[in-house]
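> Here is my input, please return the structure:
(2 chains)
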Amino acid sequence: MIDLTVNGRVHRVDADADTPLLYVLRDHLGLNGAKFGCGLGQCGACTVIVDGKAIFSCVTPISVLGGRAIRTVEGLGTETDPGPLQRAFIDEQAAQCGYCIAGMIMRAQALLDANPAPTEADIRRHMAPNLCRCGTHMRILRAIRRVADVGKRAATPAPREPT
Amino acid sequence: MTARRAAHGLSVLALCGAGLLGCAGAPATTAQTPAPTTFDAAQIAKGAQLSAIGDCRVCHTAEGGRPFAGGRALPTPFGTLYSTNITPDADAGIGRWSRDDFRRAMHEGIDRVGRHLYPAFPYDHFTRVSDEDVDALYAFVMTRDAVSAAPPPNRLVFPANVRPLLAAWNALYLDDRRFVADPSQSAEWNRGAYLVEGLAHCGACHTPRNVAGAERKRQRFAGGDAEAWRAPGLLAASPAPVAWTADALFRYLRTGFDREHGLAAGPMAPVVDGLASVPEADVRAIVTYMTSTAIASRNVPASEVVAAAKRRAFDAAGQHAPDRATVGTVRAAYTEDAGEIIFAGACATCHYQGQALPGVEPVPLGLATSVNDSTPRNLLHVVLEGLGPVPGDRGAIMPGFGEALTDAQVTAVVQYVRARFSDRPNWTDIEKMLHEIRREKAK
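Have a look, this model is predicted:
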């Protein structure tokens, strides 16, 4: 048994200590945003945030996560009330097949949390580990820039359009 | 080197230097700079290859900066140095330098205006390089794009920040003779010796240094420091369980990878990157020279060492983390054998029988130099930062775990890997080294 704090809620999980976080999120907690891509930490589809840093949940055993704050894409907003970054990904139509998007959003969120006004070079360097096979990179970058620009102008929340 | 020993070395140096201060200054030169168009294309091309062997670009380029524009931070026991701009910009670079100024810098460690250069610029090796090759390098750098960026000022501790004292350093440690071929050796061996001892300056990292920062010539290639990494001992002094051979060394230097030793990483990665582009004969010559010095003989044949390492990797994968049902208390299941559990969940996916990655077979951990070295430094770097692809390949090889794992967890898994895969004694300084690396990164 281990207690995992996911999106602010504590879950008691009954799984082997070496189980990757990704399996627990999907199979035990029903949080299916993070995806299994390569299972080797090479593609980023499984990216979630732990203690503010973007990590690959497919190669992170739950044994190392006790007492640490885990955030998944489900923690950023809901279908009816998406968070600013999710909103921007929708507005830019950044998803094609969508498989990489939850990981992309979480990696970008980690950057924006640490640096609300990153430069283009910051964004590209930070996003490099995550792959997209459809080729929507330019839209993904635009979506991130949208939120980053908002951060640059003022500390006010992103404008919400009616859903 | 500890700070205390470094301070002691510096005071020794200061005393020696006091007596020499009178002759420390060198006059500025007034010779003319040739126009870029006057350089011969063949000479420039030759300079480009020599530059790749000498790795000029590696140190003289800041991270994300323009090539040869300098500004790269070089940590030393005496503080941080910033590499100089060697583009032909008249003010920030060496645009006003004549050919003779350039020769003097390479052979004597003195810049155009007569100031001593620090031996982090390995002029103590470049003294071996022929005038003809120095001129080719001059032709090459003087025909690069001029960049007007000036590097940040050095941050050195006293008395290392007193440049004239370097006259004393030179008097004590600098051998300013050019390379002389050994007629009893082959032309290939002599070419290798010329490159290794001169431009390639292998000893600058792989030979340990004394308190004053000079190479201990009697411990040549016994292992030293390269920025924040360990430059492992070479050949006879190599910690690798499988003895190096000429073929293995050639593969490693030319492609950055040998399956019985590992992947070139850290400051060695750009070195092999450079060697991938130079004439093959030069890399062969380097190998011929290096392997003519004693290679460590091993009692056990290489094939047996490899087989044993693979078996060990297989056994490790077969072992499961303690079953939750068999461990007493709730918390214990997640803290006991912490390193082994982390290995099973984070590492074993790739590092089990060495066949998990499509197309790439990881080196059995028992064979890796970093796992068998005297210090955990390089293994820590790899666990924290991961490994990039070999030159010419795309994509990641190994992701870094520096953000997923806490310091205690990194320590636990590194301890486990050493104990599980190496026959050498456990490291006792993992945590200390880890903090040093984290501190260096935070700068």
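
> Using the three-state scheme, assign B:S51.
Here B:S51 takes the helix state, with states given by DSSP: H, G, I helix; E, B strand; the rest coil.

> Nearest residue to the middle of chain A?
A:M106 (1.6 Å; CA atoms, centre = their mean).

> pretty sure that residue contacts A:G75?
No: the criterion here is CB atoms under 8 Å, and A:M106 misses it with A:G75 at 9.3 Å. C-beta: built from backbone N, CA, C; applies to glycine.

> the helices in chain A, which residues?
For chain A, the helices defined by DSSP state H occupy A:21-23, A:84-91, A:101-114, A:120-127, A:137-153.

> Show me what the last one is in contact with.
Just to be clear, that refers to helix A:137-153. A:84-85, A:88-89, A:91-94, A:101, A:104, A:108, A:111-112, A:116-118, A:120, A:123-124, A:127, A:132, A:156, A:158-159 (CB atoms under 8 Å, 6 or more residues apart in numbering or on different chains).

> next one: the fourth one
The contact list for helix A:120-127 (CB under 8 Å, 6+ apart) reads A:104, A:107-108, A:110-111, A:115, A:118, A:140-141, A:144-145, A:148, B:64.

> how about a cut-off of 6 Å?
A:111, A:144 (CB atoms under 6 Å, 6 or more residues apart in numbering or on different chains).

> And it, what's buried?
For helix A:120-127, burial by neighbour count (16 or more other CB atoms under 10 Å in any protein chain shown) applies to A:123, A:126-127.

> about what we covered before: I'd like the helices of chain A as JSON lines, with distance to B:I44 and mean pLDDT appended.
Output for the helices of chain A, formatted as JSON lines (distance: least, CB to CB, whole Å; pLDDT from 0 to 100):
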{"stretch": "helix A:21-23", "distance to B:I44": "53", "mean pLDDT": "98"}
{"stretch": "helix A:84-91", "distance to B:I44": "49", "mean pLDDT": "97"}
{"stretch": "helix A:101-114", "distance to B:I44": "42", "mean pLDDT": "98"}
{"stretch": "helix A:120-127", "distance to B:I44": "31", "mean pLDDT": "94"}
{"stretch": "helix A:137-153", "distance to B:I44": "38", "mean pLDDT": "86"}
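
> Which residue is the nearest non-sequential neighbour of B:I342?
In space, and not counting its chain neighbours, B:I342 is closest to B:V413: 4.3 Å by CB to CB, 6 or more residues apart in numbering or on different chains.

> State the three-state secondary structure for the one you found.
Applying three-state DSSP: B:V413 is helix.

> so how far is chain A from B:T76?
Look at B:T76 and chain A: by CB to the nearest CB, to the nearest Å, they are 27 Å apart.

> residues near residue 130, how many?
Defaulting to chain A. 23 (other CB atoms under 10 Å in any protein chain shown).

> Sorry, I should have been clearer: chain B.
13.

> Give me the spatial nearest neighbour of it, chain neighbours excluded.
Using CB to CB, 6+ apart, the closest residue to B:S130 is B:R178 (6.3 Å).

> That neighbour: neighbouring residues, count only.
By other CB under 10 Å, the residues close to B:R178 number 12.

> any chance you could read off phi and psi for it?
With angles defined as degrees, to the nearest 10, B:R178 sits at phi -70, psi 170.

> circling back: show me what contacts the residue nearest to the centre of chain A?
Counting by CB under 6 Å, 6+ apart, A:M106 has contacts A:47-49, A:73.

> what's the answer for A:A69, then?
Per CB under 6 Å, 6+ apart, neighbours of A:A69: A:5, A:51.

> For it, give its distance to chain B.
Distance, A:A69 to chain B, by CB to the nearest CB: 13 Å.

> where does that residue land on pLDDT?
Here the pLDDT value assigned to A:A69 is 97.

> Show me how far stretch B:89-97 is from its chain's centre.
Stretch B:89-97 sits 28 Å away from the centroid of its parent chain (CA atoms, centre = their mean, to the nearest Å).

> swap that for stretch B:427-441, please
Distance, stretch centre to chain centre, for stretch B:427-441: 18 Å (CA atoms, centre = their mean).

> I'd like the average pLDDT over it.
Regarding stretch B:427-441, the rounded mean pLDDT is 93.

> And what about the residue lying closest to B:R96 once chain neighbours are set aside, helix, strand or coil?
Spatial nearest neighbour of B:R96, chain neighbours left out: B:A90 (5.5 Å); criterion: CB to CB, 6+ apart. What three-state DSSP gives for B:A90 is coil.

> okay, now B:A90: neighbour count?
Residues near B:A90, counting by other CB under 10 Å, number 12.

> Break chain A into its domains for me.
Following automatic domain parsing, chain A resolves into domains at A:2-75, A:84-153.

> low-confidence ranges in chain B?
B:1-26, B:28-31, B:294-299, B:313-336, B:353-360, B:390-393, B:395-396, B:443 (pLDDT under 70).

> residues near the residue of it found nearest chain A, how many?
When scored by CB to the nearest CB, chain B has B:G345 as its residue closest to chain A, at 2.4 Å. B:G345 is flanked by 24 other residues according to other CB under 10 Å.

> Test my guess that it contacts A:D18.
Yes: look at B:G345 against A:D18 with CB atoms under 6 Å: they come within range, at 3.8 Å.

> what do these two both touch?
Applying CB under 6 Å, 6+ apart, one finds that B:G345 and A:D18 are jointly contacted by A:P61.

> Just give the number of residues close to the residue lying closest to A:A94 once chain neighbours are set aside.
Counting by CB to CB, 6+ apart, the nearest residue to A:A94 once its immediate chain neighbours are dropped is A:R139, at 4.1 Å. For A:R139, the count of nearby residues is 18 (other CB under 10 Å).

> Can you tell me how far A:R139 is from A:P20?
As judged by CB to CB, to the nearest Å, A:R139 and A:P20 stand 29 Å apart.

> How about the residues of chain A by chain B?
Within chain A, the positions near chain B by CB under 6 Å from any CB of the partner chain are A:1-2, A:17-18, A:20, A:40-42, A:53, A:55-56, A:59-61, A:63-64, A:66.

> again, only using 8 Å
When proximity is defined as CB under 8 Å from any CB of the partner chain, chain A approaches chain B at A:1-2, A:14-20, A:39-42, A:50, A:53-56, A:59-64, A:66, A:121, A:129.

> and those, which are buried?
Neighbour-count burial (16+ other CB under 10 Å) applied to the residues of chain A next to chain B gives A:2, A:15-20, A:39-42, A:50, A:54-56, A:59-64, A:129.

> Hmm, B:T87 and B:A146 touching each other?
Yes: using CB under 8 Å, B:A146 is in contact with B:T87, at 5.1 Å.

> For chain B, what's its nearest residue on chain A.
For chain A, CB to the nearest CB, closest residue to chain B: A:P61, 2.4 Å.

> what residues are up against that residue?
When contacts are counted by CB under 8 Å, 6+ apart, A:P61 touches A:17-21, B:341-342, B:344-346.

> Nearest spatial neighbour of it, chain-adjacent residues omitted?
B:G345 (2.4 Å).

> do the same with A:G8
Nearest to A:G8 is A:G75, by CB to CB, 6+ apart, at 7.1 Å.

> you'd agree that neighbour is up against A:L25?
No: if you go by CB under 8 Å, A:G75 and A:L25 don't touch, sitting 11.2 Å apart.

> isn't B:T207 right next to B:Q219, touching?
Yes: with contact defined as CB under 8 Å, B:T207 counts as touching B:Q219 (6.4 Å).

> about what we covered before: let me have the helices of chain A in JSON lines, adding distance to B:D101 as columns.
Output for the helices of chain A, formatted as JSON lines (distance: least, CB to CB, whole Å):
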{"stretch": "helix A:21-23", "distance to B:D101": "59"}
{"stretch": "helix A:84-91", "distance to B:D101": "55"}
{"stretch": "helix A:101-114", "distance to B:D101": "46"}
{"stretch": "helix A:120-127", "distance to B:D101": "35"}
{"stretch": "helix A:137-153", "distance to B:D101": "46"}
